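Visitor: what shape does this take:
(2 chains)
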Amino acid sequence: GQQLNQSPQSMFIQEGEDVSMNCTSSSIFNTWLWYKQEPGEGPVLLIALYKAGELTSNGRLTAQFGITRKDSFLNISASIPSDVGIYFCAGLNQGAQKLVFGQGTRLTINP
Amino acid sequence: GAVVSQHPSWVICKSGTSVKIECRSLDFQATTMFWYRQFPKQSLMLMATSNEGSKATYEQGVEKDKFLINHASLTLSTLTVTSAHPEDSSFYICSAHDLTTYNSPLHFGNGTRLTVT
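Guide: Numbering: from 1, shown residues only, chains lettered A, B, ... in the order given. Predicted coordinates:
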């Protein structure tokens, strides 16, 4: 089946640093989504990408939908303590309706 | 924006009992909802697709007689864990699309932490 490879699995950074994480797939997706999950809660949507090559920002977050439709990255600029959490990428093919998730990137920030 | 509500947020039950988890779309109608299971430090695993007015579609390896899904209305899906055992302890999360909004992404409930003693 379809799988997403998300990296890195974990990151330990200093407050104020920029963060970059990415997802790659062996197959094509029509939509890429980035979610953040905090302990004991459900994932919260950060950014949705619908077109190959699309670059979208949400505050300090920027994500891009790869031209090949097989990859996406998420950048966080000037990290702050509340950015701590697990970030998941997810791919969606409209026909299937099912999301395929990456393994997650656990972000830890040292103040 | 689209909001998905899940209840309860946590539940503790004894082995052998059944537990029902509700998932509601609060300000939109959802003909399809999805149920996920998440183990500690792992990603979300899709268990089943809940279809309003018809039978749920289960992923391979998920026991449909153990995880009963009912989607009786356009705003409510329920997951019942029957004859729960300690190995069923997990974090269960539902999600739904707002199909009336073009390209609406999946929105998730806040999850239900199930502990079976």
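Visitor: which parts of chain B sit against chain A?
Guide: The interface of chain B toward chain A, taken as CB under 8 Å from any CB of the partner chain, is made up of B:4, B:6, B:32, B:34, B:41-44, B:46, B:49, B:91, B:93, B:95, B:97, B:103, B:105-111, B:113. For the C-beta atoms, the positions are set from N, CA and C on the backbone; glycine is no exception.
Visitor: pretty sure residue A:103 is touching residue A:6, no?
Guide: Yes: assessed by CB atoms under 8 Å, residue A:103 is found in contact with residue A:6 at 5.0 Å.
Visitor: among the residues of chain B next to chain A, which ones are buried?
Guide: B:4, B:6, B:32, B:34, B:43-44, B:46, B:49, B:91, B:93, B:95, B:97, B:105-111 (16 or more other CB atoms under 10 Å in any protein chain shown).
Visitor: and those residues, which of them are in strands?
Guide: Residues of these located in strands (DSSP state E): B:4, B:6, B:32, B:34, B:46, B:49, B:91, B:93, B:95, B:107-108.
Visitor: which residues sit against the worst-scoring helix or strand of chain A on mean pLDDT?
Guide: In chain A, no helix or strand scores lower on mean pLDDT, DSSP states H and E than strand A:99-101, which sits at a mean of 89. Applying CB atoms under 8 Å, 6 or more residues apart in numbering or on different chains, the contact partners of strand A:99-101 are A:1-4, A:25, A:29, A:33, A:88-92, B:34, B:43-44, B:46, B:95, B:106.
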